[in-house]
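>>> I'll drop the sequence and a predicted model, then ask my questions.
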Amino acid sequence: MPYPTDRRYTKEHEWIQVNGNSATIGITDYAQQSLGDIVFVETPKVGAELTAGKTFGTVESVKAVSDLFAPASGTVTEVNGTLATSPENVNKDAHGSWMLKLTLKNPGELDGLLSAADYEKFVAEEAGH
Amino acid sequence: MSLVEATPTVRKTALNAVHRQMGAKMVEFNGWDMPVEYPAAIGCGIINEHMAVRTGVGIFDVSHMGDIRLAGPQALAAVQHISMNDASRLAIGQAQYSALLYPHGTFVDDVIVHRLGEDEYLLVINAGTREKDFSWVRDNTRQFDCAVENLSDDFTQIAIQGPKGVNLLQKLTDADLSVVKFYWVTRGMLCGLNNILMGRTGYTAEDGFEIYIPADEAISARVWYEILAAGKEFGVVPCGLGARNTLRLEGKLPLYGHEISDTINVWEAGLGRFCKMEKPEFVGRDALEKAKAAGVRRSLVGLEMTERGIARDGYKVLDGGGREIGYVTSGSPAPFLKKNIALAYVPVELAAVGTAVKVEIRGQGVGAVVVPTPFYKRPKKA
């Protein structure tokens, strides 16, 4: 699975795509594969404040509960409501199934995140363990 | 004979390489490296595996289960002494669900007791309790003229589960499976192997068989792939421990360390129908009699979430006012029923069907209701 180069990645397996001072967040294909059948996505409401590196929601597969970590700080402007009823969309297309959009507080935070190539390397190592 | 082992390393079944070759996601379960699910790319994943067993057939490597053989003139007396069900009712070739109990009426383990011969019994036990169970059985049967053998490492055990399981297995054996009733066993030629034990048992709340073949890697792999090939016409898929857990949960089949344990007694677990108090003696009987007279305080119930949220193992159960009243022993989405379900211990006065409760999920009380169990019952054959 090629990782799109139009976004950045966290070591907790979220992706973030920046457009000016707003950004879109989701989880990676590697994350959906590791989780298995996703049955539940819980994200904060519009207006909630996210802090980089802190948990902002939960994704659950049949077997496991996983926290979602914010790749950057900001204010939630939009939530993907279809994931409440069709969480399996994340399995089908993780890089197309965004979870929320936010206004970035400090776009400079993104500099510390991984590029697609670095993330690919990172998961290859993690999978090898 | 095997000694009581300290097991610092993770153990592997004879099919371990096969699971890895098939791309299974592996996890450690009770000291064993086991497949939790197979890849979506081959039509698997917990939900697909679960659905295959409910509607067609799925196969599981359950070689991590243990096996204890009791044989000798007093084998029946020994089995009667250490288990709560009545093994004297078993005909040769018949099996029953039972449990080994501590003197205070709580669980050493639950077991399936098979009567294989006039004076020969096979107990199939859980992976996580193998060594404990064997020591316990050996120590508690010393007074009987009966040999106790740990055969746990001798077998690769494969479960072929689902309504089409019988059709699949029949293609591979000369034994007439149509005459083998649920909880009976037979022996026959299977994939060219002689005298293979096949029991119409399982842990999925579905019809199916469990077969016991030699724990040789090459033989095990050959049989595994022959079963998959023969099952193609029935849509067979390999299944991991993930689906095994959701299947048994829908059927309210207990899991050691969850619904039953050394701190939970038979009455609390709702397993009284497998406990024959009319037997004059068995380990745990006196304590159970007293416990019954004293009154049972908590009870295992089925919960269905009425609000958005998934109850998980260990979550607290709250009453309407937010007071903690119990805990979830097993909780999961139920793939066939398409509901979020759980088993939980609650006080008996809050155990009635229809009682509204809450499950604490990430600090929030989420609505649930006590429902009849089992959640799933397989349709009776016409």
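Sure, I can see it.

>>> From now on I want contacts and neighbour counts done on CA atoms only, so please keep to that.
Fine.

>>> helix or strand right after the helix or strand where B:G188 lies?
For B:G188, the host element (DSSP states H and E) is strand B:185-190. Per DSSP H and E, the first helix or strand lying C-terminal to strand B:185-190 is strand B:193-199.

>>> Could you quantify the relative orientation of the helix or strand just after that next one and strand B:193-199 as an angle?
Scanning forward in sequence from strand B:193-199 by DSSP H and E, the next helix or strand is strand B:208-214. Orientation of strand B:208-214 against strand B:193-199 (axes from the mean of the first three to the mean of the last three C-alpha atoms, to 10 degrees) gives an angle of 140 degrees.

>>> B:Y203 against B:L253, yeah?
Yes: using C-alpha atoms under 8 Å, B:Y203 makes contact with B:L253 at a distance of 7.1 Å.

>>> The two - which one has more neighbours?
Using other C-alpha atoms under 10 Å in any protein chain shown, the more surrounded residue of B:Y203 and B:L253 is B:Y203, with 21 against 15.

>>> hmm, what's the outermost residue in chain B?
The outermost residue of chain B relative to its centre, with distances by C-alpha atoms, centre = their mean, is B:G321 at 35.8 Å.

>>> Against chain A, how distant is B:A95?
31 Å (C-alpha to the nearest C-alpha, to the nearest Å).

>>> hang on, the earlier thing: so how far is B:A356 from the residue farthest from the centre of chain B?
With distances taken as C-alpha to C-alpha, to the nearest Å, B:G321 is found 11 Å from B:A356.

>>> got it, and B:G235?
Distance, B:G235 to B:A356, using C-alpha to C-alpha: 40 Å.

>>> More neighbours: those two, which one.
Set B:G235 next to B:A356 and count neighbours by other C-alpha under 10 Å: B:A356 wins out with 20 against 17.

>>> so which helix or strand takes in the residue nearest to the more buried one when sequence neighbours are not counted?
Distance criterion C-alpha to C-alpha, 6 or more residues apart in numbering or on different chains; nearest residue to B:A356, sequence neighbours excluded, is B:V369 at 4.5 Å. Using DSSP H and E, B:V369 sits within strand B:364-371.

>>> Give the partner strands of that strand in its sheet and their orientations.
Paired neighbours of strand B:364-371 in the sheet (DSSP bridges): strand B:298-305 (antiparallel), strand B:356-361 (antiparallel).

>>> Go through these and name the closest to A:G112.
Nearest to A:G112, of all the strands paired with strand B:364-371, is strand B:356-361, at 32.8 Å by C-alpha to C-alpha.

>>> gap between that closest one and the chain center?
Distance of strand B:356-361 from its chain centroid, counting by C-alpha atoms, centre = their mean, to the nearest Å, is 27 Å.

>>> What residues of that strand count as buried?
For strand B:356-361, the neighbour count (16 or more other C-alpha atoms under 10 Å in any protein chain shown) marks B:356-360 as buried.

>>> Could you do stretch A:116-127 as well?
Buried-residue list, stretch A:116-127, by 16+ other C-alpha under 10 Å: A:116, A:119-120.

>>> Give the phi and psi angles for the residue farthest from the centre of chain B, as a check.
phi -90, psi 0 (degrees, to the nearest 10).

>>> which residues does the nearest residue to A:L35 once chain neighbours are set aside bridge with?
The spatially closest residue to A:L35, leaving aside those adjacent along the chain, is A:S61, at 5.8 Å (C-alpha to C-alpha, 6+ apart). Beta-bridge partners recorded for A:S61 (DSSP bridges): A:I38.

>>> Contacts only, for residue 30.
By default, I'm working from chain A. The neighbourhood of A:Y30, defined by C-alpha atoms under 8 Å, 6 or more residues apart in numbering or on different chains, consists of A:13, A:123.

>>> if you could check chain B rather than the one you did, that'd help
B:127-128.

>>> Could you report the distance from it to B:E259?
B:N30 is 16 Å from B:E259, where distance means C-alpha to C-alpha.

>>> Would you state the strands of the stretch 251-382 of chain B in chain order?
In the stretch 251-382 of chain B, the strands defined using DSSP state E, counting those that start in this stretch lie at B:298-305, B:316-318, B:324-334, B:339-347, B:356-361, B:364-371.

>>> Just send those strands back as JSON lines, with mean pLDDT and distance to B:I42 too.
Shown next, in JSON lines, are those (pLDDT from 0 to 100; distance: least, C-alpha to C-alpha, whole Å):
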{"stretch": "strand B:298-305", "mean pLDDT": "98", "distance to B:I42": "32"}
{"stretch": "strand B:316-318", "mean pLDDT": "98", "distance to B:I42": "37"}
{"stretch": "strand B:324-334", "mean pLDDT": "98", "distance to B:I42": "22"}
{"stretch": "strand B:339-347", "mean pLDDT": "98", "distance to B:I42": "26"}
{"stretch": "strand B:356-361", "mean pLDDT": "98", "distance to B:I42": "34"}
{"stretch": "strand B:364-371", "mean pLDDT": "98", "distance to B:I42": "36"}
